[in-house]
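1. mind looking at a prediction? Sequence and model below.
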Amino acid sequence: MNIRRLSLIAVLAVAFICQSSVAQEITVAVAADLQFAMQDIAVRFQKETGKTVKPIYGSSGNFFQQIQNGAPFDLFFSANLDYPKKLEAAGLTEPGSYYQYGGARS
């Protein structure tokens, strides 16, 4: 998936999820390998909504554990689909908010 398409999908996902949020800063747990795209996404999102995106980069596995223990992330962009699915199954996500933003081309 090219970076432009990934960026557009991510901006739309963030906008949809945060549409009713009154917070002026959105904290996002982001898999480190997505840093190249998230920088552009954050700038575009702030321009379109006036809300600041605070990305925190790291390991999807570490974020998974932190979220299970109550870490205050508004969004989670994982490199591993299993982690968000497990969080959803455990009731630790906003119902219906799971969105697969990328995948392998066939």
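-> Looks like it came in fine.

2. which residues in the protein form helices?
-> Listed in chain order, the helices found in the chain under DSSP state H are 3-18, 35-49, 60-68, 82-89.

3. hey, least reliable of those by pLDDT?
-> Of all those, the segment with the smallest mean pLDDT is helix 3-18, scoring a mean of 54.

4. state the distance from Gly50 to Ala42.
-> Separation of Gly50 from Ala42 (CB to CB, to the nearest Å): 13 Å. C-beta coordinates here come from the backbone N, C-alpha and C atoms, glycine included.

5. more crowded one of these two?
-> The neighbour comparison of Gly50 against Ala42 (other CB atoms under 10 Å) goes to Ala42, with 21 against 8.

6. need the contact list for the closest residue to the more buried one other than its chain neighbours.
-> In space, and not counting its chain neighbours, Ala42 is closest to Val53: 3.7 Å by CB to CB, 6 or more residues apart in numbering. Neighbouring residues of Val53 by CB atoms under 8 Å, 6 or more residues apart in numbering: 14, 25-26, 28, 38, 41-42, 45-46.

7. mind redoing it with 6 Å?
-> 26, 28, 42, 45 (CB atoms under 6 Å, 6 or more residues apart in numbering).

8. quick check: the first one touching Asp74?
-> Yes: taking CB atoms under 6 Å as the definition, Ile26 is a contact partner of Asp74 at 4.7 Å.

9. contacts for stretch 27-39, please.
-> Taking CB under 6 Å, 6+ apart as the rule, stretch 27-39 contacts 3, 6-7, 53-58, 60, 63, 73-79.

10. would you list the contacts of Val53 in JSON lines and tack on distance to Pro84?
-> Output for the contacts of Val53, formatted as JSON lines (distance: CB to CB, whole Å):
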{"residue": "Ile26", "distance to Pro84": "17"}
{"residue": "Val28", "distance to Pro84": "13"}
{"residue": "Ala42", "distance to Pro84": "20"}
{"residue": "Phe45", "distance to Pro84": "19"}
